[in-house]
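Colleague: here's my sequence, what's the structure:
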Amino acid sequence: MSDNFKMIAKTFFGFEDILANELLKLGAQKIEKGLRNVTYFGDKGFLYKSNLSLRTALKILKPILEFRFIDIDDYYKQINNFNWESLMDVDSSFVINSVVFHSKIFNNSKYASLKAKDAIVDRFRDKFKSRPDINSNNPDLKIEIHVNRNLCTVSLDSSGESLHKRGYKKFNSIAPLNEVLAAGVILMSEWDKNSDFLDPMCGTGTILIEAAMIARNIAPNLNRSFFAFEKWKDWDENLFELVEKSVLNKIIEFDHKFYGFDISNSMIKKAEKNIEISQVDVDIEVFTKDFLKSSKDDNDDLFIIINPPYDKRISADVKILYKSIGDTLKNNYQFSNVWLITANLEAIKSIGLKASKRIKLFNANLESRLLNYEIYPGTKKNKK
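Modeller: Just a heads-up that it's a prediction; the model follows:
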């Protein structure tokens, strides 16, 4: 228990509950939900496991210092007093990213980063007559500073690049769907994995790959080539390999199929390549096909997630598209459980179907909705 420490998993707005649930299932302790983040406790092995396994986390931070300050000099002094030489050497490199809220002391985040950099560099100069360098591209230590009024939290970024960069999406589209967003939508849908899965506007295959990993319990970041903690002084490669082996041993089989349509042949070719790179090893078939001219050929239950275009610059066309989606589902896809995510809140009205669930999300900075439509003939009672 004494080896446990606090961690912060950052996520999208609206994903706090499912991220907390992921952490609970992983075995995290003292889980507390915040705004766009969840805090929890675990040891070094759990830090590695979190980065490998969490589907809805964007970054995992390790807080190392928290203090209140009265002015800029006090802020500088408290950062300067921290034992930075325990984390890096004079020939190391670092970078600082700061976020400032409601502060009367700092006008902007860059100034908070600059004063923190001065405090760290001055400590090394005073002690060793030399100093570590700043490296924005490939630092040995990534430092995150969060200032809210006069409370400062200094953390180490254990992930490096955002955890949505799984390592499998080598071929992209113009407006790619974020992998964390895709995984979160699937988890929110509470898909029971007892039916085939269709993404009828699949693009480069993100939703299909994330769904396949969920179905087989494949940790999402096994394909990543690097985590920031691999440059830390306490990096334990043997421990990481043990954690990785444990995660691999939890992969299960999945018997149902995955299907993807896209009207663009070039998108389908990209999806095929991404699916191959992902090594999910399940039956995923993607076709060049217009969903609006397609139909379901049996009465077996089908699970559908749709991420249609929602470009507001062509809102008139989008309204027609959404009406066509609703008509296609109602007429050609009975016995289907459908979830649709969109940021075009006006176009939703054109679908012509009544949503049984509506969940508010944010796709980047765009307010979005995740909607559930149950397409069955007659009533739910008849369906059962």
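
Colleague: ok, now which ones touch residue 8?
Modeller: If you count contacts by CB atoms under 8 Å, 6 or more residues apart in numbering, residue 8 has them with 37-39, 60-63, 155. Bear in mind the C-beta positions are built from the backbone N, C-alpha and C, glycine included.

Colleague: any idea how far residue 223 is from residue 194?
Modeller: 27 Å (CB to CB, to the nearest Å).

Colleague: the more surrounded of those two?
Modeller: Shown here are residue 194 and residue 223; by other CB atoms under 10 Å, residue 223 has more neighbours (16 against 9).

Colleague: quick check: the more buried one is in a strand.
Modeller: No: counting by DSSP: H, G, I helix; E, B strand; the rest coil, residue 223 is located in no strand; its state is coil.

Colleague: just confirm residue 277 contacts residue 223, I think it does.
Modeller: Yes: Residue 277 lies in contact with residue 223 (CB atoms under 8 Å); the separation is 7.4 Å.

Colleague: so the residue nearest to residue 280 when sequence neighbours are not counted: helix, strand or coil?
Modeller: Distances taken as CB to CB, 6 or more residues apart in numbering place residue 212 nearest to residue 280, at 4.0 Å, with adjacent residues excluded. Three-state call for residue 212 (three-state DSSP): helix.

Colleague: and residue 212, what does it touch?
Modeller: Taking CB under 8 Å, 6+ apart, one finds 218, 254, 258, 278, 280, 282, 284 in contact with residue 212.

Colleague: quick one: it from residue 253, how far?
Modeller: Per CB to CB, residue 212 is found 12 Å from residue 253.

Colleague: try residue 112
Modeller: Counting by CB to CB, the gap from residue 112 to residue 253 is 50 Å.

Colleague: over to residue 83?
Modeller: Residue 83 is 49 Å from residue 253, by CB to CB.

Colleague: same question for residue 160.
Modeller: Distance, residue 160 to residue 253, by CB to CB: 32 Å.

Colleague: for the two, indicate the residue with more neighbours.
Modeller: Legend: neighbour count by other CB under 10 Å for residue 160 and residue 253, higher for residue 160 (19 against 9).

Colleague: so residue 24 sits in a helix?
Modeller: Yes: under three-state DSSP, residue 24 sits within a helix.

Colleague: what's the average pLDDT for stretch 232-239?
Modeller: Stretch 232-239 shows a mean pLDDT of 97.

Colleague: how about that stretch: buried residues?
Modeller: By 16 or more other CB atoms under 10 Å, the buried positions in stretch 232-239 come out as residue 232.

Colleague: cool, thanks, talk later.
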